[in-house]
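Enquirer: Take a look and give me a structure for this.
(chains A and B)
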Amino acid sequence: MSAQIFPRNANAIFLASLFGLVMLIVGTIAAMVGFYLSPWYTDVGIAKAQPVPFSHKHHVSELKIDCRYCHATVEKAATAGFPATETCMSCHSQVWTTSPLLEVVRTSYQTGDPVVWNRIYDLPDFVYFNHSIHVAKGIGCSSCHGRIDQQHLAAKAQPLYMGWCLGCHRAPEDYIRPREEVFNMEWDVNALSLAERQQLVVEYQIPTDGRLTNCFVCHR
Amino acid sequence: MVNSVRKSFFTRVARLAWLPLCLLLVACHVDMYDQPKYKPNDVSSFFPDGRAMQPPPANTVPLNSYNPASPLMTGRIEGQLADQLPPELKLDAALLAHGQSRYNAFCAPCHGLVGDGQGVIAYRGPLTVPSLHSDRLRNAQLGYFFDVITNGIGKMYSYASRIPPEDRWAIAAYIRALQLSQNADVALLSEAELQQVRAGR
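Expert: Numbers count the residues shown, from 1 in each chain, chains lettered A, B, ... in the order given. Sure, this is the predicted structure:
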């Protein structure tokens, strides 16, 4: 009888390492998916530094200034409209006129050079999102932007994955609200029953035949 | 013989070993995410002032968007402030509701929700905001409010770039409603409305 090359426990080691290899592959994939969904990758909830430490909480929640005062084109145009320095200065030529925090704004108003803000929501260039149609059809600011009225420095509230967009395009009745409440940050979708929301979908003529999930609705 | 067959098989497989690499490489392409085109508010390395959205040259308007003879655009009829809505707009509840939403968004921060000049900015700042409920403003022409929104006055900036002309007229109409709300003649009320007032509602 020739000598055994492998020791007696080789079978066990082989099975254990086979199991370990499978777990390693599964674990790596799970870790990658987890990373892809996590704020490390999506930036959700991570506030960015800005040239001026503008607080939405102060202006929206405490001063009760309407979203449209600064984002004036949100009902008419694809973009909500980033406020011009003139908009800031409409009030800050009168209040907080000597604050060092606003030096950047005052300089911009004097020289005409724009303040360069850091973009929070950056959609891929192959997505054609239009604010005005969503506002007109009763989708509120907070549906995508979260409780921005509770944030000092703004942070992303949604990862903007396509599946998330489609969730609403497939079932708008889960997110719709009356047009008058679009700019109401405190509105709770469940304030209306499902039947009432379905009624709104009909009233606002939102197509429910699947057209909203066609590729070309967002990718043109 | 067996060896050479096995060898050529392995060489063939080895030659294709780069294929899985392609999977990695295609996943790294993001040039469709950031295409060489401008979207609103982008930064530009092409224009000297660094912005993709170029401001229009001074004293220009988009083609066919402005008519200097139209009261809708200027608030004036033959140079005089208009005292009624331009013919393009019809005074109805929808216009007033629209004006109310614009007023509350753009005017109320300073002028207050009822137009008493006690808005939140007036409260926090060292400025006095005139009430809309003075004899001077009750007797002002409707076009005066349009003109002030368009051109600004005193410490108030122009809102022409933020509020389109139709909305300015809607706000002006709503200001008239606000003025009536604070200065209504009791004789104009119906019996039902009188009872509401007496009930404190």
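Enquirer: near chain B, which residues of chain A?
Expert: A:63-69, A:72, A:76, A:78-79, A:82, A:84, A:86-87, A:89-91, A:93-95, A:112-114, A:116, A:119, A:124-126 (C-beta under 8 Å from any C-beta of the partner chain). In this view, the C-beta of every residue, glycine as well, is placed from N, C-alpha and C.
Enquirer: Show me which of the residues you listed are buried.
Expert: A:63, A:65-69, A:72, A:79, A:82, A:84, A:87, A:89-91, A:93-95, A:114 (16 or more other C-beta atoms under 10 Å in any protein chain shown).
Enquirer: Endpoint to endpoint, stretch A:176-193 covers what distance?
Expert: 11 Å (C-alpha to C-alpha, to the nearest Å).
Enquirer: what residues does that stretch touch?
Expert: For stretch A:176-193, the surrounding residues in contact (C-beta atoms under 8 Å, 6 or more residues apart in numbering or on different chains) are A:60-61, A:66-68, A:135-143, A:147-149, A:174-175, A:197, A:200-201, A:204, A:206.
Enquirer: so where is chain A shaky, pLDDT-wise?
Expert: A:1-2 (pLDDT under 70).
Enquirer: An error on my part: the question was meant for chain B.
Expert: B:1-6, B:23-29, B:201.
Enquirer: helix, strand or coil for the residue nearest the centre of it?
Expert: Nearest to the geometric centre of chain B sits residue B:162, at 4.6 Å (C-alpha atoms, centre = their mean). Secondary structure, DSSP: H, G, I helix; E, B strand; the rest coil: residue B:162 is coil.
Enquirer: contacting residues for it?
Expert: A:69, A:72, A:87, B:106.
Enquirer: One more pass at 7 Å, please.
Expert: A:72, A:87, B:106 (C-beta atoms under 7 Å, 6 or more residues apart in numbering or on different chains).
Enquirer: likewise residue A:114?
Expert: Contacts of residue A:114 by C-beta under 7 Å, 6+ apart are A:85, A:108, B:51.
Enquirer: Repeat that for residue B:107.
Expert: By C-beta under 7 Å, 6+ apart, the neighbours of residue B:107 are residue B:171.
Enquirer: go on, residue B:131?
Expert: Neighbouring residues of residue B:131 by C-beta under 7 Å, 6+ apart: B:115-117.
Enquirer: how about a cut-off of 10 Å?
Expert: By C-beta atoms under 10 Å, 6 or more residues apart in numbering or on different chains, the contact set of residue B:131 is B:111-112, B:114-118, B:137, B:179, B:182.
Enquirer: What subset of these is buried?
Expert: B:111-112, B:115-117, B:137, B:179.
Enquirer: ranges for the helices of chain B?
Expert: Along chain B, counting by DSSP state H, helices occupy B:2-15, B:19-27, B:71-74, B:93-102, B:108-111, B:120-124, B:135-138, B:142-151, B:165-182, B:191-198.
Enquirer: and residue A:20, which of those helices is closest to it?
Expert: helix B:19-27 (22.1 Å; C-beta to C-beta).
Enquirer: Show the buried residues in the contacts of stretch A:176-193.
Expert: A:60-61, A:66-68, A:135, A:137-143, A:148-149, A:175, A:197, A:200-201, A:206.
Enquirer: gap between the residue nearest to the centre of chain B and residue B:154?
Expert: 18 Å (C-beta to C-beta, to the nearest Å).
Enquirer: Kindly report the same for residue A:65.
Expert: 21 Å.
Enquirer: Now, the buried ones among the contacts of stretch A:176-193 that are in strands?
Expert: Using DSSP state E, no member of those falls within strands.
Enquirer: Cross the residues you listed against helices and list the overlap.
Expert: Filtering those for helices - DSSP H - leaves A:67-68, A:135, A:141-143, A:197, A:200-201.
Enquirer: does the spatially most central residue of chain A count as helix, strand or coil?
Expert: For chain A, residue A:158 is the residue whose C-alpha lies nearest the centre (C-alpha atoms, centre = their mean; 3.5 Å). Three-state assignment for residue A:158 (three-state DSSP): coil.
Enquirer: Check the one 5 residues further on too.
Expert: Per three-state DSSP, the secondary structure class of residue A:163 is helix.
Enquirer: count of neighbours near it?
Expert: 7 (other C-beta atoms under 10 Å in any protein chain shown).
Enquirer: what's the answer for residue B:103, then?
Expert: By other C-beta under 10 Å, 24 other residues sit near residue B:103.
Enquirer: wait, doesn't it sit right on residue B:169?
Expert: No - with contact defined as C-beta atoms under 10 Å, residue B:103 does not reach residue B:169; the gap is 12.0 Å.
Enquirer: Chain A: which of the contacts of residue B:131 is nearest?
Expert: residue B:112 (11.2 Å; C-beta to the nearest C-beta).
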